[in-house]
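1. only geometry, no sequence info:
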């Protein structure tokens, strides 16, 4: 799979831009702040319905515009699809596939798949649990696009449940009459059902990812491992692995903390409170790994993601590899090793401030990005 053409309208700094793309390596080169990352961010948005740089859609729309449009022609073997997303901050986004408007935005998931390397990846190792949850859940959705619906269901139920708990907490603190909490049982069941599905997918992913990540780390930092994963479940230690078992475990854990939740007005158990602990040797990577080791670990997670998606195939085919200003962050050894590992990819998109930041092994098309213009050399 590869993106053959990218078209943007009022996306970030671009009023309009058309970028023809080929398989193989393409590098976007230009000074910082000229819009290189905006191009690959748009490709990533088609793949995940989100940005790796910001949490909301509003910054994606050019200043003064009401909406932004990201459109791409995507080639899968001998088949070509046109996919389009209209980004409307504060309103519902819209999607089109092959010019049909009878689709939801999440229906485009799986048409474009990406694995993105960026300076922000260091937060996978050094950042808070939310970074690692997002990593897992985006990869889950890349493997099985239907999980986007499960994630949305879970988030919706979580919001409703938190609203009920917050109202109960406020009533208690202000000496009001106790609220009828019988509906909380129903929300518990909904939360446990979608939560169990999400948990089962995370656990399956972690088992599949670990050997690939350990191999990738050895390739990037020979003799520096092994690495290990430990899933920290907010429901407590459990042997549950199936959806039914996880559902029962979540229900039991919710019942056990109900009093605390009503007191604090927030849901204390569920996938939104979990963490993936990353170990290097016998120690946790966070707090113990050096800067170089942390970088190698983050890169290994991305390389493992790429290897997993490529091995499993699926309707999206081989993912597009995106390397956003990564090489400038790496020492020469890691830079060359990473370049060698990703060079065979079907499509590799690279951003760099100067040509020298692109390793020689990544030969291919070059675009100059400057003052809002994207020109092929």
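-> Looks like it arrived, so ask away. Keep in mind that what you see is a predicted model, and the values were worked out from it rather than measured.
2. ranges for the helices of the stretch 1-150 of the chain?
-> 36-48, 122-126, 129-143, 147-173 (DSSP state H, counting those that start in this stretch).
3. how about a markdown table for those helices, with distance to residue 355 and mean pLDDT added?
-> No exception for glycine: its C-beta is placed from N, CA and C like everyone else's. As requested, those are arranged in a markdown table below (distance: least, C-beta to C-beta, whole Å; pLDDT from 0 to 100):
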| stretch | distance to residue 355 | mean pLDDT |
| --- | --- | --- |
| helix 36-48 | 13 | 96 |
| helix 122-126 | 25 | 95 |
| helix 129-143 | 31 | 95 |
| helix 147-173 | 38 | 91 |
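4. secondary structure class for residue 229?
-> Here residue 229 is strand, with the state taken from DSSP: H, G, I helix; E, B strand; the rest coil.
5. my guess is residue 269 contacts residue 253. True?
-> Yes. Under the contact definition of C-beta atoms under 8 Å, residue 269 touches residue 253, with a separation of 4.5 Å.
6. quick check: residue 261 touching residue 267?
-> Yes. Shown here, residue 261 and residue 267 form a contact pair, counting by C-beta under 8 Å, at 6.2 Å.
7. shared neighbours of these two, anything?
-> Shared contacts of residue 261 and residue 267, defined by C-beta atoms under 8 Å, 6 or more residues apart in numbering, comprise residue 165.
8. coming back round to it: which of residue 269 and residue 253 has more neighbours?
-> residue 269 (27 against 21; other C-beta atoms under 10 Å).
9. let me know the helix or strand that that one is in.
-> Under the criterion of DSSP states H and E, residue 269 resides outside all helices and strands.
10. follow-up on the earlier one: now for residue 269 and residue 253: what residues contact both?
-> Jointly contacting residue 269 and residue 253 under the rule C-beta under 8 Å, 6+ apart are 234-235.
11. burial measure for the residue nearest to residue 367 when sequence neighbours are not counted, as a count.
-> With C-beta to C-beta, 6 or more residues apart in numbering as the measure, residue 28 is the residue that lies nearest to residue 367, at 4.9 Å, once sequence neighbours are left out. Burial of residue 28, expressed as a neighbour count using other C-beta under 10 Å, amounts to 25.
12. likewise residue 245?
-> By the criterion of other C-beta under 10 Å, residue 245 has 15 neighbours.
13. how much space between it and residue 199?
-> Distance of residue 245 to residue 199, given as C-beta to C-beta, to the nearest Å: 10 Å.
14. pull the contacting residues for residue 318.
-> Residue 318 neighbours (C-beta under 8 Å, 6+ apart): 1, 309-310, 345-347.
15. what of residue 235?
-> Contacts were defined as C-beta under 8 Å, 6+ apart; by that measure residue 235 touches 249-250, 252-253, 269-270.
16. how about those residues in CSV, adding distance to residue 112 and pLDDT?
-> Written out in CSV, the entries for the contacts of residue 235 read as follows (distance: C-beta to C-beta, whole Å; pLDDT from 0 to 100):
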residue, distance to residue 112, pLDDT
249, 36, 94
250, 33, 96
252, 40, 95
253, 37, 95
269, 35, 96
270, 30, 96
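17. what is residue 278 paired to in the beta sheet?
-> Residue 278 forms beta bridges with residue 229, as assigned by DSSP bridges.
18. follow-up on the earlier one: closest one of the contacts of residue 235 to residue 33?
-> Looking at these and their distance to residue 33, the nearest is residue 270, at 40.0 Å (C-beta to C-beta).
19. name the element the nearest residue to that closest one once chain neighbours are set aside belongs to?
-> Of all residues beyond its chain neighbours, the one nearest residue 270 is residue 195 (4.9 Å), with distances taken as C-beta to C-beta, 6+ apart. Assignment of secondary structure by DSSP H and E places residue 195 within helix 183-220.
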